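Visitor: only geometry, no sequence info:
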């Protein structure tokens, strides 16, 4: 079977050979911007929205990657085309990583020098979504962690960078509470912000609520969910939400690129609503599936079976 290739500063190299120096700013500082897009039917979903956010992150970090957004989009489509023979019909992630490059102090030790490095890789979503297949029906359990979100005045979470240690600390804290639970962060005032790489939604009195786009990553899937809700005529509001409010919720869910949306059926060891995926969640997931032309939850179940024997 053909091997997957990675776009690496204008060249296509085998995935296993794609390496960045230990002296790169990405390792020294977490100094890089990134995006992850996914495909449906092997077609990139909302690629331009992801690339728009990538370039906003690059402006925030003051990294000039040397490519215009149009050139980055073309490089992305080339990368996908190069890899389709190796993907065996599977849907995949598209990962853009842009690092500032090596620290000047080590310039002679790094073959790429100190210029920014742009990589684009594609990788089948078998493990990503297969591992979440059961959650579409049983739901996820979220807990509030001691680790809070970083306020935007310190490091703006709206820029998608690899400086994300607070996410990892929150995940570790959640894991200490109970195996399999997921972290839900709050801001310095105690309002719910986001999960570690996902956005939060809840329903109260038939209205869909989501945190204000303040100290959060403004997820592309978050935006897609809000758009779908508007098309269905559902009432939505971006507002401050306290953990107390979630205890009174009728239903809740989270969104992220790979899984689109998954219900939250437990919060801080108590059921959310009746402890089952709610009707608005089901309506939105059905609408999302219709938009992308496949049953999202069914694909996850299919990939869960495939994951038992699949080798990357």
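Guide: Arrived safely. Here the structure is a predicted model, which means the values were calculated and not measured.
Visitor: Against residue 159, how distant is residue 217?
Guide: To residue 159, residue 217 is 8 Å away according to CB to CB, to the nearest Å. For the C-beta atoms, the positions are set from N, CA and C on the backbone; glycine is no exception.
Visitor: Counting neighbours, go ahead and name the busier of the two.
Guide: The neighbour count for residue 217 versus residue 159, taken as other CB atoms under 10 Å, is higher for residue 217 (25 against 18).
Visitor: mind checking how far the more buried one is from residue 122?
Guide: Counting by CB to CB, the gap from residue 217 to residue 122 is 22 Å.
Visitor: Same check on residue 292?
Guide: Counting by CB to CB, the gap from residue 292 to residue 122 is 17 Å.
Visitor: who has more neighbours, these two?
Guide: Using other CB under 10 Å, the more surrounded residue of residue 292 and residue 122 is residue 122, with 29 against 18.
Visitor: residue contacts, that one?
Guide: Applying CB atoms under 8 Å, 6 or more residues apart in numbering, we find residue 122 in contact with 4, 79, 80, 83, 87, 92, 93, 94, 95.
Visitor: Make sure it is indeed in a strand.
Guide: Yes - under DSSP: H, G, I helix; E, B strand; the rest coil, residue 122 sits within a strand.
Visitor: Residue 95 versus that one, what's the distance?
Guide: Taking CB to CB, one finds residue 122 at 8 Å from residue 95.
Visitor: How about residue 305?
Guide: Plainly put, residue 305 is 25 Å away from residue 95 if you go by CB to CB.
Visitor: who's more crowded, the two?
Guide: Comparing residue 305 with residue 95 by other CB under 10 Å, the one with more neighbours is residue 95, at 16 against 12.
Visitor: for that one, which residues make a bridge with it?
Guide: residue 36, residue 121 (DSSP bridges).
Visitor: Report the contact partners of it.
Guide: So residue 95 contacts 34, 35, 36, 119, 120, 121, 122, 123 (CB under 8 Å, 6+ apart).
Visitor: By neighbours, which of the residues you listed wins?
Guide: Tallying neighbours with other CB under 10 Å puts residue 122 at the head of these, with 29 neighbours.
Visitor: so the nearest residue to residue 135 once chain neighbours are set aside is in which element?
Guide: Nearest residue to residue 135, sequence neighbours excluded (CB to CB, 6 or more residues apart in numbering): residue 262, at 4.8 Å. Residue 262 belongs to strand 260-267 when assigned by DSSP states H and E.
Visitor: Report the distance from that strand to the chain centre.
Guide: Here strand 260-267 is found 15 Å from its chain centre; the criterion is CA atoms, centre = their mean, to the nearest Å.
Visitor: same check, this time on stretch 140-157
Guide: 15 Å.
Visitor: any chance you could map the strands in the stretch 51-200 of the chain?
Guide: Using DSSP state E, counting those that start in this stretch, the strands found in the stretch 51-200 of the chain span residues 92-99, 117-124, 140-144, 182-186, 192-195, 199-204.
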